[in-house]
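In: predicted model and sequence below, questions to follow.
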2 protein chains.
Amino acid sequence: MEPPPSERTKVRRLPDRGVYERDVIEAILDEALYCHVAVVVDDAPRVVPTIHARDGDTLYIHGSNASRTLRALKEGSEACVVVTLLDGLVLARSGFNSSMNYRSVVVYGRMREVTDPAEKERAQRVLVDHVIPGRSADVRLPTERELRQTTIMAIGLDEVSAKVRSGPPKDEEDDYALPIWAGVVPVRTVAGDPEPDPKLDLAIPAPPYVRGLPRPGR
Amino acid sequence: MEPPPSERTKVRRLPDRGVYERDVIEAILDEALYCHVAVVVDDAPRVVPTIHARDGDTLYIHGSNASRTLRALKEGSEACVVVTLLDGLVLARSGFNSSMNYRSVVVYGRMREVTDPAEKERAQRVLVDHVIPGRSADVRLPTERELRQTTIMAIGLDEVSAKVRSGPPKDEEDDYALPIWAGVVPVRTVAGDPEPDPKLDLAIPAPPYVRGLPRPGR
């Protein structure tokens, strides 16, 4: 059962775009390759793009200990994590009703630092596999020094909601008679052919997980 | 000449990724189809994805008068506007050095509401053409009521910087000998075939600007 939307997660503007079903929220989080994380520093917002990964009801991000954003999170700043997937450009007959088709998720709350070694190790694996499913089995494992240099932060999917727009433009009744083209230009993110590192021993073949992208649904 | 980076815009983590040249910054802002805008409400950050457009040294966003984010901006909240373009997945031999190729721009400051009718009209045109260049000449013009319902906010590109990562993975010296595939999977945003509105009179042909997407460089 989904928790009811909070004061912050309730979609007020265009409330019919608000989605609170957990499976829709999880699918958007899983499909997005990266998120934006916002914190407050000196009463001003700060936003950085970063990789995220979901493990059940928990969302992880990671970064260097030296990151000012992670430091603000560790010091207790409220966080806002957003992922946005663009699905199409919506050309209405008026500029006013022109829009975009998109799926976005926002998560609010305070993040906790992951300090338990087992959770930290698992979160790192989940972060690697989020971007390239299957990759974690191949990469060289982190050293003690790398583990010390990396901060992992976690947030529960408690205060969370999605916003979705899909379908054709919605024009004013009178505008449908105008001789103006209207419709949707679909937009998607695609992966190209893998480019081997110039320093790669070319006897090492590209693994299937880099040739199969974008994965289904992405 | 570019202004020197401020306390906030100076890229500290991985400073070699910091870019302050105006032409690079403008190209990223122009290529990105949407941005994320962050404000502070009750000491917590709030982020929304929205369409932006650049006109010279000014960045515009727009929305409904009823938007809580725009209201916070009008009430003087500091803003942080970010655009991010994902260019590739960077598979290093270690998880630690795995990364993404991207170009992002961040703009800080307070936004001003656009109230001058001429600037407001021009900003609306620029916003429509940002997404689909040339579209503004075709759409039905805004009515008085629509103009009243729409808020446009502007921010100067004064406190702004870009962050760019490109190229192959950078591995630890010892890791190059490992039998692990490494390289980059390029990622890009592409447009599909235009989907006419089901209510469209099919005698109206799709204009060239929806058939030419993604436009060069995108």
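Out: Thanks, I have it.

In: how much space between the residue located most distally from the centre of chain A and A:Val210?
Out: Largest separation from the mean C-alpha position in chain A: A:Ala177, at 39.4 Å (CA atoms, centre = their mean). Relative to A:Val210, A:Ala177 is positioned 51 Å away (CB to CB, to the nearest Å). For glycine as for every other residue, the C-beta is placed from the backbone atoms N, C-alpha and C.

In: which parts of stretch A:48-63 are buried?
Out: By neighbour count with 16 or more other CB atoms under 10 Å in any protein chain shown, stretch A:48-63 contains the buried residues A:48-55, A:58-63.

In: look up phi and psi at the residue farthest from the centre of chain A.
Out: Note on A:Ala177: backbone dihedrals following degrees, to the nearest 10 are phi -80, psi -10.

In: where does pLDDT dip in chain A?
Out: For chain A, the stretches with pLDDT under 70 are A:1-4, A:12-13, A:212, A:214-218.

In: try it again with 90
Out: A:1-20, A:64-67, A:211-218 (pLDDT under 90).

In: got the angle between the longest strand seen in chain A and strand B:78-91?
Out: Ranked by residue count and defined by DSSP state E, the top strand of chain A is strand A:79-91. Angle of strand A:79-91 versus strand B:78-91, following axes from the mean of the first three to the mean of the last three CA atoms, to 10 degrees, is 80 degrees.

In: which neighbouring elements make contact with strand A:79-91?
Out: Strand A:79-91 sits against helix A:22-31, strand A:35-41, strand A:99-109, strand A:183-191, strand B:35-41, strand B:44-50, with contacts defined as 3 or more CB pairs under 8 Å, 6 or more residues apart in numbering or on different chains; DSSP states H and E.

In: format the CA atom coordinates belonging to the first one as CSV.
Out: The C-alpha trace of helix A:22-31 is given here as CSV (Å, rounded to 0.1, in the frame of the first residue of the first chain):
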residue,chain,number,x,y,z
ARG,A,22,5.0,2.6,-6.0
ASP,A,23,5.6,0.5,-9.1
VAL,A,24,5.4,3.5,-11.4
ILE,A,25,7.7,5.4,-9.1
GLU,A,26,10.2,2.6,-9.0
ALA,A,27,10.2,2.1,-12.8
ILE,A,28,11.0,5.8,-13.4
LEU,A,29,13.8,5.7,-10.8
ASP,A,30,15.3,2.6,-12.4
GLU,A,31,15.1,3.8,-15.9
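
In: any part of that helix near chain B?
Out: No: Helix A:22-31 is not in contact with chain B by CB under 8 Å from any CB of the partner chain; minimum separation 12.1 Å.

In: dump the helices and strands packed on strand A:79-91 to CSV, plus distance to B:Arg125.
Out: Putting the helices and strands packed on strand A:79-91 into CSV (distance: least, CB to CB, whole Å) gives the following:
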stretch, distance to B:Arg125
helix A:22-31, 32
strand A:35-41, 28
strand A:99-109, 17
strand A:183-191, 19
strand B:35-41, 18
strand B:44-50, 17
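
In: among those, which is nearest A:Val160?
Out: Ranking the helices and strands packed on strand A:79-91 by their distance to A:Val160 (criterion: CB to CB) puts strand A:99-109 first, at 4.7 Å.

In: in the sheet, which strands lie alongside that closest one, parallel or antiparallel?
Out: Strands that pair with strand A:99-109, judged by DSSP bridges, come out as strand A:79-91 (antiparallel), strand A:159-165 (antiparallel).

In: just say which of the ones you listed is most tucked in.
Out: Sort the strands paired with strand A:99-109 by mean neighbour count, taking mean count of other CB atoms under 10 Å in any protein chain shown, and strand A:79-91 sits at the top with a mean of 23.

In: what angle separates that one from strand A:44-50?
Out: 70 degrees.

In: so A:Glu78 sits right up against A:Val40, yeah?
Out: Yes: A:Glu78 is within contact range of A:Val40, at 6.5 Å (criterion: CB atoms under 8 Å).

In: now the common contact residues for those two.
Out: Residues touching both A:Glu78 and A:Val40 (CB atoms under 8 Å, 6 or more residues apart in numbering or on different chains): B:43-45.

In: just the buried residues from those residues, in PyMOL please.
Out: The PyMOL command for the buried members of the shared contacts of A:Glu78 and A:Val40 (criterion: 16+ other CB under 10 Å) is given here:
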select buried, chain B and resi 44+45
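
In: want to try a markdown table for the shared contacts of A:Glu78 and A:Val40, with distance to chain A as columns?
Out: Compiled in a markdown table, the shared contacts of A:Glu78 and A:Val40 are given as follows (distance: CB to the nearest CB, whole Å):
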| residue | distance to chain A |
| --- | --- |
| B:Asp43 | 6 |
| B:Ala44 | 4 |
| B:Pro45 | 4 |
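
In: quick check, nearest of the shared contacts of A:Glu78 and A:Val40 to B:Pro169?
Out: B:Pro45 (31.8 Å).

In: from A:Thr189, how far out is the residue lying closest to the closest one once chain neighbours are set aside?
Out: Nearest residue to B:Pro45, sequence neighbours excluded (CB to CB, 6 or more residues apart in numbering or on different chains): A:Ala38, at 3.7 Å. Per CB to CB, A:Ala38 is found 22 Å from A:Thr189.

In: can you check A:Pro208 too?
Out: Here A:Pro208 is placed at a distance of 20 Å from A:Thr189 (CB to CB).

In: compare neighbour counts for the two and give me the winner.
Out: Between A:Pro208 and A:Thr189, counted using other CB atoms under 10 Å in any protein chain shown, the more crowded position is A:Thr189 (17 against 8).

In: ok, the closest residue to the more buried one other than its chain neighbours to A:Asp87 distance?
Out: Closest residue to A:Thr189 apart from its sequence neighbours, by CB to CB, 6+ apart: B:Thr189 at 5.6 Å. Going from B:Thr189 to A:Asp87 by CB to CB gives 11 Å.

In: overlap in contacts of those two?
Out: Overlap of the contact sets of B:Thr189 and A:Asp87 (by CB under 8 Å, 6+ apart) consists of A:187-188.

In: tell me where the longest helix sits in chain A.
Out: In chain A, assigned by DSSP state H, the helix with the most residues is helix A:117-131.

In: buried set for that helix?
Out: So, applying 16+ other CB under 10 Å, buried residues of helix A:117-131: A:120, A:122-131.
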